[in-house]
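Student: fold the following.
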Amino acid sequence: MFKKILIANRGEIACRVAATARRLGIKTVAVYSEADANAKHVAVCDEAVLLGPAAAKESYLRGDKIIAVAKATGAEAIHPGYGFLSENAEFADACQQAGLVFIGPPASAMRAMGSKSAAKSLMEKASVPLVPGYHGDNQDPDFLQTQADRIGYPVLLKASAGGGGKGMRVVESSAAFRDALASCKREAISSFGDDKVLAEKYLQRPRHIEIQVFADTHGNCIHLFERDCSVQRRHQKVLEEAPAPGMTAERRAAMGEAAVAAAKAVGYVGAGTVEFIANQDGSFYFMEMNTRLQVEHPVTEMITGADLVEWQLRVAAGEVLPKQQSELVINGHAIEARVYAENPEKGFLPSIGTLRHLGTPDAVNFELGGIPGHPAGVRIDAGVREGDAISPFYDPMIAKLIVWGADRKQALARMAQALSQYQIVGLASNIAFLNRLVQGQAFATADLDTGLIERNHDALFPQAQPAAAGALALAAVALIESEKERAIAQSGAQSGAQSAGDPWGQALGWRMNQPYLRKLSFADEYAAGLPSKAYGVDLTYLNDGWMFSCHDSAPQLLTLMSQQGAEISIKLGDTAVHGSVRRDGDLFHVFTNGLHYTLGYNDPMAHAGESEAEGGRLTAPMPGKVVAVLAEKGQEVKKGDALVIMEAMKMEHTIAAPHDGVVDDVLYAVGDQVSDGAPLLAFRAA
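Tutor: Numbers count the residues shown, from 1 in each chain. Take a look at the predicted model:
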């Protein structure tokens, strides 16, 4: 076994690899960019070496620098994680030439599977089922459109060298083909340096089912069952689970055999995933092979008890696979949710900022239960801590939340409970959306397909509801109690400790002749960009609490039952309300009853008024680069017309006309970098 390895990655996967290495007594070397100097993966490894600036192409994609660091630190092998250089055949070759072990498949296998079109040809020879389509080299737009017309719409365009949902477009008609092809090629060349695409039939209501395979250098190749990754948005996975609901033993065996045949066809070694697109009738077709460890590998670990990173290390060190096919069994059910810094109500735009507060459910962090055969109920794989920043340079994942249950019903219940306990303050997250998704009718009943989110859009994106009275009461109590503490502290600081109990220096709301009626004003901070809804809260101070009313409702007695830090228990009328209130400036983040309310406090003592943003200018939703300008100065446009295309966080974002109007000016050109909120065009209504 290796004595020291270098982890050529960042974030949660670097921390994940380091955890297994530590358990096995293997020293680890981290590499990091300037943006990641204080990152968690730097802290959890035994050594850490700076690679370069924040941009991945100058740091995490610099294979020459990474190899030099490995040699200088005495590392014997390099684990690439996923993303970055994990499927780069040239990097694998360079490692071998430098006398280092690449903890992954042979470069030849990566080359064979790296091109989707070449992989399809190989799979056809290996008798692996294929989706009808065109996978050849002819990239002439007229020819490709002819092929798409022949296949029949809808057609899926995919970057041949792609992955992770990038460079993919669903084309609904021949008339829409050219624009989709151009966009697909732009994103492909930007993400992978290769604009070659393939076209294939887009199946209606398909499921995305993948098989985890593993092979060693001694001729053994097995599969560790399947994962269902059907729940996706923008072709990127949101929820994954194992085993796949409704999978029969016969179908599992057939898919497993096909996956093993695919791996053997390219002389595979190590961990890999063979991805299939499956019809509702049970038929399935080869889609692609990911020649690396997958983001969703924990659900396989949770149902098999295997540590797949340990298996990777052992196979790379020349050992035989720890288990054979006959020794593997499925134990229970596991579900993984990807917790992202993003705003689902704004088209899942990534959110950039600092994790001012990060509260997580109780979990056993990668112990696989600690007891063989008894997986942990909740597991969190994270690459960030409270106080860390989500930057625009890398993927905005916060963590992977994985739960295990004896069956799917128990796993669903544990996931819902764990999501309700997750607390994030400082940036937008997808936690509330994930909770609605997990508890929604479609997912709960395993009515799965890759269009589940779009198909259930109204249920998953409900109209914003008024803040609950209990949430407003918790915010009000948190505000008043903090004022009391501050007043006592200030009184003590000004008059000495002996005066700290002076009633005239305490914010108790006491009045000589009549009760003190206080009017508070809060406002919803709607994530969907809707106008904020203001709430008037009336509080009448009493000896043992307050009379509380909101939403023009009848007053109710409000009493504070207990408070421990941010945790508050109150009684509102006859109802007990428990929650956690985190204050961030004038924002009160109230977590109660599994919901997160963000309430802005309108402080009457604060300076009034922030000016509204200048109207008529379409702004950048986040930092990025302009890749296409589709409108000219003076051009008349219709509502929904695409005006500018930006690239940010590795994805394209289209800025569209909010209504009919005229473009008065174009403020940026193709290739320009723009900051968050920068005006892109001057625009006026028609």
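Student: got any ranges where the stretch 151-300 of the chain has weak pLDDT?
Tutor: Residue ranges of the stretch 151-300 of the chain with pLDDT under 70: 163-164.
Student: meant to ask about the stretch 351-500 of the chain, not that
Tutor: For the stretch 351-500 of the chain, applying pLDDT under 70 flags the ranges 364-375, 490-500.
Student: now the helices for the stretch 251-400 of the chain?
Tutor: Secondary structure of the stretch 251-400 of the chain (DSSP state H, counting those that start in this stretch): helices at 297-304, 308-316.
Student: please identify the most buried of these.
Tutor: Comparing the helices of the stretch 251-400 of the chain by mean neighbour count (mean count of other Cβ atoms under 10 Å), helix 297-304 ranks first with a mean of 26. For glycine as for every other residue, the C-beta is placed from the backbone atoms N, C-alpha and C.
Student: packing partners of it?
Tutor: Packed against helix 297-304 by the contact rule (3 or more Cβ pairs under 8 Å, 6 or more residues apart in numbering; DSSP states H and E) you find strand 221-228, strand 239-242, helix 308-316, strand 333-340, strand 378-382, strand 397-405.
Student: do you know how far Lys237 is from Thr273?
Tutor: Per Cβ to Cβ, to the nearest Å, Lys237 is found 12 Å from Thr273.
Student: partner strands of the helix or strand that Val537 is a member of and their direction?
Tutor: Using DSSP states H and E, Val537 sits within strand 534-542. Next to strand 534-542 in the sheet, as set by DSSP bridges, lie strand 517-524 (antiparallel), strand 545-550 (antiparallel).
Student: now what about the last one, what contacts it?
Tutor: With Cβ atoms under 8 Å, 6 or more residues apart in numbering as the contact definition, strand 545-550 has outside contacts at 469, 472-473, 476, 480, 535-540, 555-560, 572.
Student: end to end, how far does stretch 157-176 reach?
Tutor: End-to-end distance for stretch 157-176: 12 Å, by Cα to Cα, to the nearest Å.
Student: list the buried ones in the strand holding Val537?
Tutor: 535, 537-541 (16 or more other Cβ atoms under 10 Å).
Student: can I get it in PDB, CA atoms only?
Tutor: C-alpha atoms of strand 534-542 as PDB (Å, rounded to 0.1, in the frame of the first residue of the first chain):
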ATOM      1  CA  ALA A 534     -44.300  44.100   4.700                       C
ATOM      2  CA  TYR A 535     -45.700  42.900   8.000                       C
ATOM      3  CA  GLY A 536     -46.700  45.100  10.800                       C
ATOM      4  CA  VAL A 537     -46.200  43.500  14.200                       C
ATOM      5  CA  ASP A 538     -47.900  45.100  17.300                       C
ATOM      6  CA  LEU A 539     -46.400  44.300  20.700                       C
ATOM      7  CA  THR A 540     -47.800  45.500  24.000                       C
ATOM      8  CA  TYR A 541     -45.300  45.000  26.800                       C
ATOM      9  CA  LEU A 542     -46.600  43.100  29.900                       C
END
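Student: from the chain's centroid, how far away is that strand?
Tutor: Distance, stretch centre to chain centre, for strand 534-542: 39 Å (Cα atoms, centre = their mean, to the nearest Å).
Student: how about stretch 316-335?
Tutor: Remark: stretch 316-335 is offset 27 Å from the chain centroid, using Cα atoms, centre = their mean.
Student: need the residue closest to the centroid of this protein.
Tutor: Tyr340 (3.2 Å; Cα atoms, centre = their mean).
Student: related to what we said a few turns ago, and Val637, which of the strands paired with strand 534-542 is closest to it?
Tutor: Closest approach to Val637 among those is made by strand 517-524 (31.9 Å; Cβ to Cβ).
Student: right, and Asn343 touches Leu349 too?
Tutor: Yes - if you go by Cβ atoms under 8 Å, Asn343 and Leu349 touch, sitting 5.2 Å apart.
Student: would you list every one of the strands in the stretch 101-250 of the chain?
Tutor: For the stretch 101-250 of the chain, applying DSSP state E, counting those that start in this stretch gives strands covering 101-102, 133-134, 155-159, 168-171, 197-201, 207-215, 221-228, 232-233, 236-237, 239-242.
Student: next: the stretch 351-500 of the chain.
Tutor: Taking DSSP E, counting those that start in this stretch as the test, the strands found in the stretch 351-500 of the chain are 353-354, 357-359, 378-382, 389-390, 397-405, 423-425.
Student: not counting sequence-adjacent ones, nearest residue to Cys45?
Tutor: Excluding its sequence neighbours, the residue lying closest to Cys45 (Cβ to Cβ, 6 or more residues apart in numbering) is Ala30, at 3.7 Å.
Student: for Glu47, see how far away the one you found is.
Tutor: Using Cβ to Cβ, we find Ala30 at a distance of 7 Å from Glu47.
Student: looking at those two, which one has more neighbours?
Tutor: Each of Ala30 and Glu47 has its neighbours counted (other Cβ atoms under 10 Å); Ala30 has more, 27 against 16.
Student: beta partners for that one?
Tutor: Following DSSP bridges, Ala30 is listed with bridge partners Ile7, Ala48.
Student: which of the strands of the stretch 351-500 of the chain sits closest to Gln463?
Tutor: Nearest of the strands of the stretch 351-500 of the chain to Gln463, taken as Cβ to Cβ: strand 423-425 at 22.9 Å.
Student: distance from that closest one to the middle of the chain?
Tutor: 15 Å.
Student: strands paired with that strand, and their directions?
Tutor: Sheet pairing of strand 423-425 (DSSP bridges) gives strand 357-359 (antiparallel).
Student: and the contacts of the strand it pairs with?
Tutor: The contact list for strand 357-359 (Cβ under 8 Å, 6+ apart) reads 384-386, 398, 421-426, 580, 582, 584, 589, 591.
Student: now with 7 Å?
Tutor: Here strand 357-359 makes contact (Cβ atoms under 7 Å, 6 or more residues apart in numbering) with 385-386, 422-426, 582.
Student: buried ones in stretch 342-362, by neighbour count?
Tutor: Judged by neighbour count using 16+ other Cβ under 10 Å, the buried positions of stretch 342-362 are 342-345, 348-352, 355-358, 360-361.
Student: which helices and strands does the helix ranked longest in the chain pack with?
Tutor: Secondary structure of the chain per DSSP state H: the longest helix is helix 469-495. For helix 469-495, the elements it packs on are strand 517-524, strand 534-542, strand 545-550, strand 556-564, strand 567-572, strand 575-584, strand 587-592, strand 595-601, judged by 3 or more Cβ pairs under 7 Å, 6 or more residues apart in numbering; DSSP states H and E.
Student: again, 6 Å this time
Tutor: In terms of contacts (3 or more Cβ pairs under 6 Å, 6 or more residues apart in numbering; DSSP states H and E), helix 469-495 is packed against strand 534-542, strand 545-550, strand 567-572, strand 575-584, strand 587-592.
Student: between strand 556-564 and the fourth one, find me the angle.
Tutor: Taking axes from the mean of the first three to the mean of the last three Cα atoms, to 10 degrees, one finds that strand 575-584 is oriented at 60 degrees with respect to strand 556-564.
Student: would you mind finding the most buried of the strands of the stretch 101-250 of the chain?
Tutor: Ranked by mean neighbour count, the strands of the stretch 101-250 of the chain are led by strand 239-242 with a mean of 28 (mean count of other Cβ under 10 Å).
Student: which other helices and strands contact that strand?
Tutor: Contacts defined by 3+ Cβ pairs under 6 Å, 6+ apart place strand 239-242 against strand 221-228, helix 297-304, strand 333-340.
Student: still on that earlier bit, and which of the contacts of strand 357-359 is nearest to Leu224?
Tutor: Among those, Tyr422 lies closest to Leu224 (Cβ to Cβ), at 28.3 Å.
Student: isn't the closest one right up against Ile431?
Tutor: Yes - here Tyr422 reaches Ile431: they are 5.0 Å apart, a contact under Cβ atoms under 6 Å.
Student: kind regards, and thank you for your time.
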